[in-house]
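> Just the structure for this:
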Amino acid sequence: MSGILCIGGINWDRIARTDKPVVLGTSNPVTGSQAPGGVARNVATGLAKSGAKVGFCGYVGNDIEGRELRQYLLAVGIDADLLRIHSKLPTATYNALIGPEGRLVVAWADMAVHEALTPDDIDASLDRMKEWPVWFAEANLAPVTLGHIGTRKPEGTLLVLDAVSVPKAKRLLSVLPEADLLFCNRDEASALAHGVGTGLELAETLVAGRRNLTVVVTEGADGLAIAGPGIREALTPRLRLEDITDETGAGDSLIAGTLSALAKGVGMMDAVQAGMDAAGRTLTKIGA
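All right, here's what the predicted structure looks like:
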């Protein structure tokens, strides 16, 4: 298996950090930075850095920010032939405030352009999409588009999903029957499974009746759980809590590390462990 097409969000991340406790309702001193971001972009970049062949499908605005992001993709070796330019909506932005312990305090995002990708766009690009044996899609896309991706997935193509957030996780319900691998955290898994439980219990609930689906449920410092064909495991992280600097992008690194290993022919359990190690490296540095 080689060649991974990442379908979804690309945007500018604007991150503010403070070394003091955040006080609501007033101004807080911060240091700021800006860098390319977006769930699909983060995963694509991680894959490209690992040496994988990777392409990107999504939208940017017809603006300077969008043109800069296209040049960024090309510069890091990502195929941008399926990156579309929207004539009206601006390039997406994600803004976050990181507290003194490296943990997310609050985030806000303008990502309407991510939902601009339509079923007609998928159909128009389908011949080129079929050239990629692995499709990664994430829940920033519109539900109707996600469902359409599932119906258009060629036989033998591996479809990988990321729930992104609790509010957006349920967008995956229409495409989940066609998925082969799902990444989510425990809260997102609860939303999809309509219940509560441990990460492993939720993963088992989500794979029940779906013989081809593997589900990875992350549980923060407790590691992750994985359930799928012949797999029922809970994995603990190798990283010490005191080594964590910044949580930004760790989930995306988990996905990229796992997919990179799978593309090299590694088995699912070892691939997920490789993903955990990649996430651990992200947790010890600032930024995604």
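
> pretty sure Leu259 contacts Lys53?
No: proximity of Leu259 to Lys53 does not meet the contact threshold set by CB atoms under 8 Å, at 11.5 Å. Every C-beta, even on glycine, is put in place using the N, C-alpha and C of the backbone.

> tell me, what's touching the two both at once?
Common neighbours of Leu259 and Lys53 (criterion: CB atoms under 8 Å, 6 or more residues apart in numbering): Ile4.

> quick one: which of the two has more around it?
Under the neighbour definition other CB atoms under 10 Å, Leu259 and Lys53 were set side by side, and Leu259 has more, 29 against 17.

> mind listing the helices for this structure?
For the chain, applying DSSP state H gives helices covering 39-49, 64-75, 119-129, 143-152, 166-169, 186-193, 199-207, 250-263, 268-283.

> Where does pLDDT dip in this protein?
By pLDDT under 70, the low-scoring segments of the chain are 1, 238-249, 281-288.

> what residues are up against the residue nearest in space to the middle of it?
For the chain, the residue sitting closest to the mean C-alpha position, by CA atoms, centre = their mean, is Val39 at 4.1 Å. For Val39, the contact set (CB under 8 Å, 6+ apart) comprises 8-9, 138, 140, 162, 164, 252.

> 10 Å - rerun?
Contacts of Val39 were listed using CB atoms under 10 Å, 6 or more residues apart in numbering, and they are 6, 8-11, 94, 111, 114, 136-141, 162-165, 168, 249, 251-252, 255, 288.

> Next: Asp187.
163, 165-166, 169, 196, 202, 217.

> go with 7 Å
By CB atoms under 7 Å, 6 or more residues apart in numbering, the contact set of Asp187 is Val166.

> go on, the one 3 residues further on?
Taking CB under 7 Å, 6+ apart as the contact definition, Ser190 lies against 196, 202.
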